[in-house]
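K.L.:
Give me the fold of what follows.
(chains A, B and C)
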Amino acid sequence: MPHLHMEYTANLPGLNADLALIRLNNTLVGSGQFAAEFDIKSRAVKVETFKVGTALAERAFVHVKLALLSGRSPQIKKQLSESLLAVAQDLCEWPAGVEVQVCVEILDIDRESYTKTAIGH
Amino acid sequence: MPHLHMEYTANLPGLNADLALIRLNNTLVGSGQFAAEFDIKSRAVKVETFKVGTALAERAFVHVKLALLSGRSPQIKKQLSESLLAVAQDLCEWPAGVEVQVCVEILDIDRESYTKTAIGH
Amino acid sequence: MPHLHMEYTANLPGLNADLALIRLNNTLVGSGQFAAEFDIKSRAVKVETFKVGTALAERAFVHVKLALLSGRSPQIKKQLSESLLAVAQDLCEWPAGVEVQVCVEILDIDRESYTKTAIGH
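P.N.:
All right, here's what the predicted structure looks like:
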């Protein structure tokens, strides 16, 4: 906890996913919501097969999902979402002529049944 | 919103994922539940490493997840699920001798903490 | 139902994902919680782009998510999580000098709107 997933469509060549995760993780650490930086586990996936809507226009998206152990207030979740969106919408020079949607979703992990172990830490 | 994810196992060579997303998106637009076709963001992922159950029979699956901003009624969700299933179960000629499971799951996105921006739109 | 997703970072060369899924599925069957082994649909994804925290140390993770039709008790979920964690933390010889986090998350699938069909079964 927390787990961050970033999906980005393959038609965003300027997006450096490694750098994006560093920036997103820094934002999470900077939020003060997480006791240990070590706990933040983030991954990025390039989406090769996608379709936005039904029109023929060229479109793209970046979707960030942050999963948190249940219990945080709606206000904290909203703040985290806005902080991540601020970073995500500035991740690269967006290509001209492409309609890009950038979204952030916060979801709960059921705290009671979450289990974890750390090896070699 | 909405976000659609389709996973399909790699042993379904007849399944055209690009075409599948077009058909699924058209179904969502046709449902009348979404104000703008532009909002529908869909992606497909071919699953290369999978295991269905424990038996040795050749098996496959297609799993469609539709994530909606919270607030829709159970009836609407059920209808959307059935409409997507009708499309998904007809996506290709299923290979002979393979047991295929096709599933549709509807889930909620927490509306209060969801943030989004559109660039170049 | 159930659906199991395993993500594992690309810096765990000893992890055999096919074998991992067999072991995880066997654990689920052994739990006695699922009427038919056929229902267990599992997949594994190697995560190539990831970042754990903000420090420079080499880190890795394995994240198992088990999605169940809603209705099971917190006790059952906790037990399933612990059983899967016991398998997951023993999936391979973990590489020396790498801090590995192994986590298991249990989540609900909305039962009312879940639809499914089986072909060729």
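
K.L.:
Flag every residue of chain A that's near chain B.
P.N.:
A:7, A:9, A:47, A:49-55, A:59, A:61, A:63, A:74, A:77-78, A:80-82, A:84-85, A:89, A:94, A:96-108 (Cβ under 8 Å from any Cβ of the partner chain). Where you see a C-beta, it was placed from the backbone N, CA and C, and this is true even at glycine.

K.L.:
Just the buried ones from the residues you listed, in PyMOL syntax?
P.N.:
Buried members of the residues of chain A next to chain B, defined by 16 or more other Cβ atoms under 10 Å in any protein chain shown, are picked up in PyMOL with:
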select buried, chain A and resi 7+9+47+49+50+51+52+53+59+61+63+77+78+80+81+84+85+89+94+98+99+100+101+102+103+104+105+106+107
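
K.L.:
How about the most centrally placed residue in chain A: which residues does it bridge to?
P.N.:
Centroid-nearest residue in chain A: A:V64, 2.7 Å away (criterion: Cα atoms, centre = their mean). When bridges are called by DSSP bridges, A:V64 pairs up with A:M6, A:V104.

K.L.:
just the helices in chain A please.
P.N.:
Here chain A has its helices, by DSSP state H, at A:17-30, A:74-88.

K.L.:
Do you know the pLDDT at the residue nearest to the centre of chain A?
P.N.:
A:V64 is assigned 98 on the pLDDT scale.

K.L.:
Tell me if I'm right that A:P2 and A:D39 touch.
P.N.:
Yes: contact criterion Cβ atoms under 8 Å: A:P2 and A:D39 qualify, at 6.9 Å.

K.L.:
before we move on, the earlier item: who are the contact partners of the residue nearest to the centre of chain A?
P.N.:
Counting by Cβ atoms under 8 Å, 6 or more residues apart in numbering or on different chains, A:V64 touches A:4-6, A:24, A:84-85, A:88, A:102-105.

K.L.:
and of the residues you listed, the nearest to B:L19?
P.N.:
The shortest approach to B:L19 among the contacts of A:V64 belongs to A:C103, at 24.9 Å (Cβ to Cβ).

K.L.:
From A:F34, how far out is that closest one?
P.N.:
22 Å (Cβ to Cβ, to the nearest Å).

K.L.:
so where's chain A shaky on pLDDT?
P.N.:
In the predicted model of chain A, no residue satisfies pLDDT under 70.

K.L.:
one more time with 90, if that's ok
P.N.:
For chain A, applying pLDDT under 90 flags the ranges A:1, A:35, A:120-121.

K.L.:
For it, which residues are neighbours of chain C?
P.N.:
So chain A meets chain C at A:1, A:3, A:17-18, A:21-22, A:25-26, A:29, A:36-46, A:67, A:109-110, A:112-121 (Cβ under 8 Å from any Cβ).

K.L.:
Now with 6 Å, please.
P.N.:
Within chain A, the positions near chain C by Cβ under 6 Å from any Cβ of the partner chain are A:17, A:21-22, A:25-26, A:29, A:37-38, A:40-44, A:109-110, A:112-121.

K.L.:
What subset of these is buried?
P.N.:
Buried among the residues of chain A next to chain C (16+ other Cβ under 10 Å): A:17, A:21, A:25-26, A:29, A:38, A:40-44, A:109-110, A:113-116.

K.L.:
Which of those residues fall in strands?
P.N.:
A:41-44, A:109, A:115-116 (DSSP state E).

K.L.:
closest to A:P13 among these?
P.N.:
With Cβ to Cβ as the yardstick, the closest approach to A:P13 among those comes from A:A44, at 14.5 Å.
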